[in-house]
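Visitor: One predicted model, sequence on top.
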Amino acid sequence: MLQSWVSILKMHTAMRGNWLWMGFLLLSCSLQAQEDAWLRDWMELNTEVVVDENVIQDLMEWVHHPKDINLITEEELLLLPVLERELVAEIIQHRLISGPYASLFELQVLPGMTPARYQFLKKVLRVYDQTRQGMMKERGTYIGLYQPHNWKKRGYEEKAYSGIPLRQWHRLHVTITPNWKLGFSLENDAGESFQWNKQQKGFDYGTFYAQYKGRKDWQLLLGDYRLKVGQGLMQGLGNNFGSSTWVARVYNKEGARPYRGSDENLFLRGIYASRKMGNWHLTAYLSRLKSDGRENEGNISESGTGMHRTENEWKLRKQFKRQVLGSSISYDAKRGSCGIAHFSLLENGNMAHQFSLNYRTQVANSLVFGESSFGAYGFSLLQAWVYSASNQLDFSALLRIYPKENLNPYAGGFERFSGNKNERGLYLSVEYQSKNKQKWNLFADWAYRPYPSFLVSRAYWSIQYYLETSKRVGGSEVQARLQYRSGEKDETSESSKWKQSQAWSSLGARIHAQWTLSEALSFSCRIQQQFYQSSNHLEKGMLFFQDLQWRPPHSKVYLLLRYTRFVIPSYDTRIYTYESDVLYAFSIPNYSGAGQRAYAVLRFPIYKGLDAWLKLGYTWYQSKTSIGSQWEEVNSNQQMDLKLLLRYVF
């Protein structure tokens, strides 16, 4: 602990006299605007505090009883603490201009909508079939995404890739009746071939689902889906959270949803059934899936990225077999709920059984929830507490204990490291809003790895501190943030004759500002600096970007522009920055090296029911002579990226 504070003081000395540091102190004392995104994407820097735990009881009520996005009023949306008035106006305006929402996915293209905000809104909003049946004639949606790649990549020039440099993804969703929905998706990654034989039927990858929701609390899913049970320690596909995520966000509604993602190896394929009977909720599911696998000493283990471009990648295709049979039962009361779940997993002839117990209780201003998972994959524990002291002050805490090895492929949850394994951690946070509406968010996370890991050959502590303050005046917003992290990593000599663990620490500082000039025109900018120290070596990295957004009122056309400048000495000081993208896509590149990047996102209507999104980006590196590695390497210091998405609603 003492060492971490010493590191902070050293970095403070390094920052002394730095204009960014002085700017942070100035803004902390007297901010004149509010932060644009206290709910900014948690994937940036792997730290994001999803704030405002104010009125926590009202928030949980929204989670348990989602509202219809096509019927909700502006006044109701303003009750949500995650939305500013401007974003609420965009949600309502999109509904008035484009018609009722066919899917919550449409929220992703709205200005100010980040992935973290979108993930939260999915918990509290719905598109109900009764609304669509009464308000709109559209019965289906087709999505087509086309993303060309650089044909000068080594894999194409040396003919290692079997396909063309074009990624294409197609998806169709159809509402047959108010109770039945069907959908499928087809995808070919860039470099994958399009062929028709015993191993492949046209596209390299595809999903299908049929969903039934009955009037008597029945739900049935056939095909491909993802599932969350309890807090996800046993069964939580797609529900992993970084250690800096708001604690209350970990608790969310369990259940299954159709799978249309691009991860070709980790989802369920089979049948899911759910039935509510009074306060009781019963579920059962069955899955059988073949994914990429590699043979090693007579055993086949899951391996691969879902890419099948080269001969070696093709050999891994559908070599690993996984079958799972599971069930759960839970009881919901007025003040809380509890449940028990189990699954049996068969992987290439090896059987494993896992169980879990989960609970939730809410008393006065406190929410307490947790889960314990035990069985063949070891013992995992998650316990959390959220307390709302007043409309201005909130506290939260979360304790997690994960086993040395956890080979459960479906495990999810609150974590600092990769996977729910080899971790003991305690997370504490405080969030305060002053009377003048200035917000302060502070968290600390202490994580201990008791066993050696892939990157570190001994046990060690990893610590993280986070401070954010924000305020708004009128149409202007400003956010200031500090983040400190520390840990250890192995360093090896050039001759690989020795390897030893070295402590490291990093400190990041960021200012993000946004202002509106007119109904159609707005600007935002960010300045971020990163410091990294290891073995008495200090590195400094800096990133700046400027955004311009043009969105005329009552129009389907909008344009987003960004220019980024970065000077980052190495991968250790890398900076992650969320980028706007086309509908149903997102991008969070990490910047290292020195260079510039510019991109534009344009949305425009083509014909009645047919809209297009186009993203064009260009990156130039000052000191690099090549970009990428292995088959993805390009002998150039410049690269261009392009995405085109078409959506047809019928």
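Guide: That came through fine.
Visitor: So which other helices or strands are in contact with the one helix or strand residue 95 maps to?
Guide: Residue 95 belongs to helix 85-98 when assigned by DSSP states H and E. Here helix 85-98 touches helix 74-77, going by 3 or more CB pairs under 8 Å, 6 or more residues apart in numbering; DSSP states H and E. Every C-beta, even on glycine, is put in place using the N, C-alpha and C of the backbone.
Visitor: So, low pLDDT: which residues of the stretch 1-150 of the chain?
Guide: Applying pLDDT under 70 to the stretch 1-150 of the chain flags residues 1-65, 75, 79, 81-86, 112, 114-117, 119, 129-138.
Visitor: For the closest residue to residue 68 other than its chain neighbours, the count of nearby residues, please.
Guide: In space, and not counting its chain neighbours, residue 68 is closest to residue 128: 4.9 Å by CB to CB, 6 or more residues apart in numbering. Number of residues near residue 128 (other CB atoms under 10 Å) recorded here: 16.
Visitor: Pull the residues that contact the helix holding residue 95.
Guide: For helix 85-98, the surrounding residues in contact (CB atoms under 8 Å, 6 or more residues apart in numbering) are 69-70, 74, 77-78, 83, 101, 106-107, 110-113, 117, 475, 516, 553-556.
Visitor: Give me the three-state assignment for residue 314.
Guide: Secondary structure, DSSP: H, G, I helix; E, B strand; the rest coil: residue 314 is helix.
Visitor: ok, it - contacts?
Guide: With contact taken as CB under 8 Å, 6+ apart, residue 314 is in contact with 162, 308.
Visitor: who does residue 560 bridge with?
Guide: On the basis of DSSP bridges, residue 560 is bridged to residue 549, residue 601.
Visitor: Let me see the contact set for it.
Guide: Going by CB under 8 Å, 6+ apart, residue 560 touches 111, 547-550, 580, 600-602.
Visitor: From residue 554, how far off is it?
Guide: According to CB to CB, to the nearest Å, residue 560 stands 18 Å off from residue 554.
Visitor: And residue 142, which helix or strand is it part of?
Guide: Per DSSP H and E, the secondary structure element for residue 142 is strand 140-148.
Visitor: ok, residue 558 touching residue 551?
Guide: Yes: using CB atoms under 8 Å, residue 558 is in contact with residue 551, at 4.0 Å.
Visitor: what's the overlap in contacts for those two?
Guide: Shared contacts of residue 558 and residue 551, defined by CB under 8 Å, 6+ apart, comprise residue 111.
Visitor: hang on, the earlier thing: buried set for the following helix or strand past the strand holding residue 142?
Guide: Downstream of strand 140-148, the first helix or strand assigned by DSSP H and E is helix 154-157. By neighbour count on 16 or more other CB atoms under 10 Å, the buried set for helix 154-157 is 154-156.
Visitor: what sits up against helix 154-157?
Guide: The contact list for helix 154-157 (CB under 8 Å, 6+ apart) reads 151, 160-161, 165, 191, 309-310, 630-634.
Visitor: okay if I get those as a markdown table plus neighbour count and distance to residue 567?
Guide: Below are the contacts of helix 154-157 laid out as a markdown table (neighbours: other CB atoms under 10 Å; distance: CB to CB, whole Å):
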| residue | neighbour count | distance to residue 567 |
| --- | --- | --- |
| 151 | 14 | 30 |
| 160 | 17 | 34 |
| 161 | 25 | 34 |
| 165 | 16 | 31 |
| 191 | 24 | 32 |
| 309 | 21 | 34 |
| 310 | 15 | 36 |
| 630 | 9 | 27 |
| 631 | 18 | 29 |
| 632 | 16 | 24 |
| 633 | 15 | 23 |
| 634 | 18 | 22 |
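Visitor: Adding secondary structure, write these out as a markdown table.
Guide: As requested, those are arranged in a markdown table below (three-state DSSP):
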| residue | secondary structure |
| --- | --- |
| 151 | coil |
| 160 | coil |
| 161 | coil |
| 165 | coil |
| 191 | coil |
| 309 | coil |
| 310 | coil |
| 630 | helix |
| 631 | helix |
| 632 | helix |
| 633 | coil |
| 634 | strand |
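Visitor: now those as a markdown table including pLDDT and distance to residue 301?
Guide: What follows is the contacts of helix 154-157, written out as a markdown table (pLDDT from 0 to 100; distance: CB to CB, whole Å):
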| residue | pLDDT | distance to residue 301 |
| --- | --- | --- |
| 151 | 91 | 34 |
| 160 | 93 | 24 |
| 161 | 94 | 25 |
| 165 | 95 | 31 |
| 191 | 92 | 24 |
| 309 | 90 | 21 |
| 310 | 90 | 20 |
| 630 | 90 | 22 |
| 631 | 92 | 23 |
| 632 | 92 | 24 |
| 633 | 93 | 28 |
| 634 | 93 | 32 |
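Visitor: Residue 475 is in contact with residue 516, correct?
Guide: Yes: using CB under 8 Å, residue 516 makes contact with residue 475 at a distance of 3.9 Å.
Visitor: Look up the residues forming beta bridges with residue 566.
Guide: Under DSSP bridges, the beta-bridge partners of residue 566 are residue 543, residue 595.
Visitor: dump the residue contacts of it.
Guide: Per CB under 8 Å, 6+ apart, neighbours of residue 566: 541-544, 575, 591, 593-597.
Visitor: got those residues as TSV, with neighbour count and pLDDT columns?
Guide: Shown next, in TSV, are those (neighbours: other CB atoms under 10 Å; pLDDT from 0 to 100):
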residue	neighbour count	pLDDT
541	24	95
542	20	96
543	22	96
544	14	96
575	21	91
591	24	91
593	19	92
594	17	95
595	19	96
596	13	97
597	22	97
